[in-house]
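Asker: predicted structure and sequence below. I'll ask about it afterward.
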Amino acid sequence: MPDAQNHSHVQAHAVTDPLKEWAPQGIDISKPSIARVYDALLGGKDNFAVDRAIADHFAQLLPEVQQAAWYERAVLGRGVRYLFEQGIRQFIDLGSGLPTARNTHQVAQEHAPDTRVVYIDNDPIVLAHSQALLAENPNTTVINADLRSPQEVLDHPRLRSLLDLDQPVGLMLLGVIHHLNDHENPDGIVQAYKDVLPSGGYMFLTHFVADGERTTGLEKMLLAELGTGRFRTIEKITSYFDGLELAEPGVVSNPLWRPDEPVPTPLTLTETLIAAGIGRKP
């Protein structure tokens, strides 16, 4: 996996006065952000002390967590490439996060520059950075919306102007459904997005995997400090693909999903932390 070995540990961060950190106007940097914590894990710079504290605590519980984050970024690249090979030329990336590393549009558009990508996120820092990054890219846009409101997302005029939802779409839910608690109806939200997929469309989903006592502490820490982060069983994650035809090899640990290189064995918690799958709508 590219660069994974160089990112195997989160570095200790000096305590920083959050009031001295840069932040866009109106951003409460005393509260952590999912996107910024992930940015910190990937070695990005668009995060604050409160985000780095969670990344560091995660690393205390799972020292190789940053490598797991890079496994997630690597499977994004392989999955987008697979969808491209199936003829997909338009993508909806829900909860896309900060542009820390190679993103959906970069992977897809290096093969076909006219591939259209709509990013959805409700973090204003994501919006600000992504708009600047994509200013010169007419085939890609970012929309400030909450994926928990599927109709609002799907009816957004900028999404409708860029994408044709009557044609196959690659719907991406990478590392986002595990940030929905059970009372937020993750099953219904996933189903609402599947319902709008036309025949030949695909859903690409990744999710934290419950593994008994090995993940209980991680889940408790995330829920306490971030307010979100649910670990669910492989069986439950697989159920999100009901009604779709799962691509081989099914729902499996990230490094096992169509790897480009040999996968280390036996798999550790780092490798099995997140599972991935892609399903096609008949």
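Answerer: Now that the structure is in, tell me what you want to look at. Numbering: from 1, shown residues only.
Asker: name the helices or strands packed onto the least confident helix or strand in the chain by mean pLDDT?
Answerer: Every helix and strand in the chain was compared by mean pLDDT, DSSP states H and E; the lowest is helix 124-133, with a mean of 71. For helix 124-133, the contact count by 3 or more C-beta pairs under 8 Å, 6 or more residues apart in numbering; DSSP states H and E identifies helix 34-41, strand 116-121, strand 140-144 as packing neighbours. No exception for glycine: its C-beta is placed from N, CA and C like everyone else's.
Asker: now the strands for the protein?
Answerer: Using DSSP state E, the strands of the chain run over 90-94, 116-121, 140-144, 170-174, 202-208, 245-246, 252-253, 274-280.
Asker: for the last one, which strands pair with it and how are they oriented?
Answerer: Translated: strand 274-280. Here strand 274-280 has these sheet partners by DSSP bridges: strand 202-208 (antiparallel), strand 245-246 (antiparallel), strand 252-253 (antiparallel).
Asker: other residues contacting that strand?
Answerer: 68, 71-72, 75, 79, 82-83, 86, 175, 200-209, 234, 237-238, 241, 244-247, 250-254, 257 (C-beta atoms under 8 Å, 6 or more residues apart in numbering).
Asker: tell me how far it lies from the chain's centre.
Answerer: 12 Å (C-alpha atoms, centre = their mean, to the nearest Å).
Asker: quick check: mean pLDDT across that strand?
Answerer: On average, the pLDDT along strand 274-280 is 98.
Asker: and if you look at the fourth one?
Answerer: For strand 170-174, the mean per-residue pLDDT is 97.
Asker: could you dump the strands of the chain to JSON lines with distance to Val107 and mean neighbour count?
Answerer: As requested, the strands of the chain are exported to JSON lines (distance: least, C-beta to C-beta, whole Å; neighbours: other C-beta atoms under 10 Å):
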{"stretch": "strand 90-94", "distance to Val107": "10", "mean neighbour count": "25"}
{"stretch": "strand 116-121", "distance to Val107": "10", "mean neighbour count": "25"}
{"stretch": "strand 140-144", "distance to Val107": "12", "mean neighbour count": "21"}
{"stretch": "strand 170-174", "distance to Val107": "11", "mean neighbour count": "24"}
{"stretch": "strand 202-208", "distance to Val107": "12", "mean neighbour count": "25"}
{"stretch": "strand 245-246", "distance to Val107": "21", "mean neighbour count": "12"}
{"stretch": "strand 252-253", "distance to Val107": "20", "mean neighbour count": "19"}
{"stretch": "strand 274-280", "distance to Val107": "14", "mean neighbour count": "24"}
